[in-house]
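Enquirer: got a structure for you, letters missing:
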């Protein structure tokens with residue numbers, strides 16, 4: 001009896017072990033089949049995505065419209081036929097920015113399944129440069145670029161800036177930006193006169209030519225050092241002087257602000273006071 005029970009228990013253990021081995025083998029076969037299926041699916045998906053024509057670029061668009069948009073579209077035409085999934089948009093953007101310095105930014109967007117769209121923004125020139133950069137403009141970042149993308153009226157309205165060096169160019173552009181912001185925030189009352197031209201020499205000294213109150217000729221302003229810290233005092237004093245001249249119907253030929261502000265003061269800092277030299281022209285008729 002006991003012998004029969006031992007034999008029965010042994011057979012039961014053997015059957016359980018055999019079933020476990022069969023279960024492991026079946027699981028291994030299922031895993032192998034699943035991996036094969038995934039690999040095959042990945043292979044055919046790769047072929048479909050990169051070797052078929054479904055994702056081939058057929059359409060290229062550039063916004064907004066303009067002359068530079070047509071040139072950018074011509075550059076991007078070489079992308080047609082390539083897979084949209086393989087395009088390195090960051091590389092293309094860098095190449096376009098390098099080729100067209102008048103671009104402030106450009107971004108490429110994929111339009112699935114077969115399109116690429118470029119959106120660009122032009123730089124905003126502060127001045128039209130003269131001298132060695134003649135025919136070009138510059139913005140507040142001191143980036144120099146052609147003005148061909150800007151309308152004739154917009155380009156001709158820009159103040160002309162002549163700078164003796166790169167440092168002088170930076171000073172001049174910083175001054176023009178401050179002047180523009182100061183004019184925009186001047187509040188009610190007579191508009192500040194616009195700058196017709198500016199010149200910064202190698203020492204950082206600035207000379208302005210302002211549009212006259214009754215038209216040409218311009219008023220010559222000897223500003224002195226183009227130091228941003230001196231701008232508020234000089235701008236305030238210039239406004240007072242021009243207002244006084246206008247009230248007396250006197251046209252100035254030259255206003256020299258080199259002595260403003262006067263050094264010193266109660267707190268050791270500059271005062272708005274200082275010597276202003278005015279060379280009058282003919283009286284306004």
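Expert: Good, I have the coordinates. All values reported here derive from a predicted model rather than from experimental measurement. Residues are numbered from 1 along each chain as shown.
Enquirer: Low-confidence bits of the stretch 151-285 of the chain, can you list those?
Expert: 184-192, 212-216, 262-274, 282-285 (pLDDT under 70).
Enquirer: mind listing the helices for it?
Expert: 152-156, 166-184, 231-247 (DSSP state H, counting those that start in this stretch).
Enquirer: Next: the stretch 1-150 of the chain.
Expert: 2-46, 67-76, 89-99.
Enquirer: Report the rounded mean pLDDT for the second one.
Expert: In this model, helix 67-76 carries a mean pLDDT of 94.
Enquirer: Give me the packing partners of it, helices and strands only.
Expert: strand 59-63, helix 89-99, strand 115-122 (3 or more C-beta pairs under 8 Å, 6 or more residues apart in numbering; DSSP states H and E). Backbone N, C-alpha and C define where each C-beta goes, glycine included.
Enquirer: Go through it and flag the buried ones.
Expert: 68-69, 72, 75-76 (16 or more other C-beta atoms under 10 Å).
Enquirer: Just name the closest of the residues you listed to residue 86, please.
Expert: residue 76 (14.5 Å; C-beta to C-beta).
Enquirer: What residues does that closest one make contact with?
Expert: Residue 76 sits next to 60, 62, 92, 116, 118 when contact means C-beta atoms under 8 Å, 6 or more residues apart in numbering.
Enquirer: Tell me which two of the residues you listed sit farthest apart.
Expert: Among the contacts of residue 76, 62 and 92 lie farthest apart (C-beta to C-beta), at 12.1 Å.
Enquirer: higher neighbour count, these two?
Expert: Per other C-beta atoms under 10 Å, whichever of residue 62 and residue 92 has more neighbours is residue 62, with 23 against 18.
Enquirer: Now do the more buried one, the pLDDT please.
Expert: pLDDT at residue 62 comes out at 96.
Enquirer: My guess is it contacts residue 109. True?
Expert: No: at 11.2 Å, residue 62 does not count as touching residue 109 under the criterion of C-beta atoms under 8 Å.
Enquirer: Quickly list what's touching both of these two.
Expert: With C-beta under 8 Å, 6+ apart as the test, residue 62 and residue 109 both reach 117-119.
Enquirer: Filter those down to the buried ones.
Expert: residue 118.
Enquirer: okay, how far is it across stretch 239-258, tip to tip?
Expert: 15 Å (C-alpha to C-alpha, to the nearest Å).
Enquirer: Equivalent analysis for stretch 98-115, please.
Expert: 23 Å.
Enquirer: can you pull the buried residues of that stretch?
Expert: Going by neighbour count (16+ other C-beta under 10 Å), the buried part of stretch 98-115 is 100, 102-103, 106, 108, 114.
Enquirer: Okay, residue 79 and residue 110: tell me how far apart.
Expert: 11 Å (C-beta to C-beta, to the nearest Å).
Enquirer: hey, what's in contact with both of the two?
Expert: Common neighbours of residue 79 and residue 110 (C-beta under 8 Å, 6+ apart) are 87, 116.
Enquirer: Okay, now the unreliable bits of the stretch 1-150 of the chain?
Expert: In the stretch 1-150 of the chain, residues with pLDDT under 70: 1-13, 37, 39-52.
Enquirer: rerun at 90
Expert: For the stretch 1-150 of the chain, applying pLDDT under 90 flags the ranges 1-56, 66-67, 81-86, 112-114, 131-135, 148-150.
Enquirer: Angles on the backbone of residue 87, please.
Expert: Note on residue 87: its backbone torsions stand at phi -70, psi 130 [degrees, to the nearest 10].
Enquirer: my guess is it meets residue 79, correct?
Expert: Yes: counting by C-beta under 8 Å, residue 87 touches residue 79, with 6.4 Å between them.
Enquirer: anything in contact with each of these two?
Expert: With C-beta under 8 Å, 6+ apart, residue 87 and residue 79 have common neighbours 57, 116.
Enquirer: Nearest residue to residue 180 in space, please, no chain neighbours.
Expert: Closest residue to residue 180 apart from its sequence neighbours, by C-beta to C-beta, 6 or more residues apart in numbering: residue 126 at 7.3 Å.
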